[in-house]
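Colleague: Here is a sequence with its predicted model. Questions after.
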Amino acid sequence: MVLACLTSGHKLLICGNGGSASDATHLATEFLCRYREDRRPYPAISLTANGELMTAVCNDYGADEIFRAAGLGPGRKRATCSSLSPPAANQKTFLRALEEAGRKEVESICFLGRDGGFTKAWRLWI
């Protein structure tokens, strides 16, 4: 799903909470910059890399809306949203992002910790 997204020119949107926010930014960087050898950059965006935007959304809409309101703004049909979850996987930020991704027909992948929390119950297979 990620390969199809990136090689067709669509965006990979990556988000994470806590330490996974750093992982999301690191992963986006690996797609944007060369990994093992020179290649064209792939359009990957870390939704956690813009602290100013995240705090503005928290202030104006609430923390649960960070990825939905701010992050999935660039999302369009055929984009892919990848969520990296800390162990608990019970963040409303992910649930809101998945709901918005479904509304915008953005494919979603979640990497969940422990038992997957309530995020595991959300299934969106396109």
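Modeller: Arrived safely.

Colleague: Neighbours of C5, how many?
Modeller: The number of residues packed near C5 is 23, by other CB atoms under 10 Å. The C-beta positions use only the backbone N, C-alpha and C, and glycine is treated the same way.

Colleague: Do I have it right that it meets E107?
Modeller: Yes: with contacts counted by CB atoms under 8 Å, C5 reaches E107, the gap being 7.1 Å.

Colleague: Flag the helix or strand of this structure with the lowest per-element mean pLDDT.
Modeller: The weakest-scoring helix or strand in the chain, judged by mean pLDDT, DSSP states H and E, is strand 80-84 (a mean of 66).

Colleague: following it, which helix or strand shows up next?
Modeller: Following strand 80-84 in sequence order, the next helix or strand is helix 92-103 (DSSP states H and E).

Colleague: Relative to the whole chain's centre, how far out is that following helix?
Modeller: Between the centre of helix 92-103 and the centre of its host chain there is 10 Å, according to CA atoms, centre = their mean, to the nearest Å.

Colleague: That one - contacts with which helices or strands?
Modeller: If you count contacts as 3 or more CB pairs under 8 Å, 6 or more residues apart in numbering; DSSP states H and E, helix 92-103 packs onto strand 12-16, strand 80-84, strand 107-111.

Colleague: Where does pLDDT dip in the protein?
Modeller: 69-90, 113-126 (pLDDT under 70).

Colleague: same thing but at 50, please
Modeller: 124-126 (pLDDT under 50).

Colleague: Format the CA atom coordinates belonging to the top helix by length along the chain as CSV.
Modeller: Among the segments of the chain that qualify as a helix by DSSP state H, the longest is helix 19-32. Below are the C-alpha coordinates for helix 19-32, written out as CSV (Å, rounded to 0.1, in the frame of the first residue of the first chain):
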residue,chain,number,x,y,z
GLY,A,19,8.0,9.0,21.4
SER,A,20,6.3,7.7,18.3
ALA,A,21,6.0,11.3,17.1
SER,A,22,9.8,11.3,16.7
ASP,A,23,9.6,7.9,14.9
ALA,A,24,7.0,9.4,12.5
THR,A,25,9.3,12.3,11.7
HIS,A,26,12.3,10.0,11.3
LEU,A,27,10.4,7.6,9.0
ALA,A,28,9.2,10.6,6.8
THR,A,29,12.8,11.7,6.6
GLU,A,30,13.9,8.3,5.3
PHE,A,31,11.4,8.6,2.5
LEU,A,32,12.3,12.2,1.7
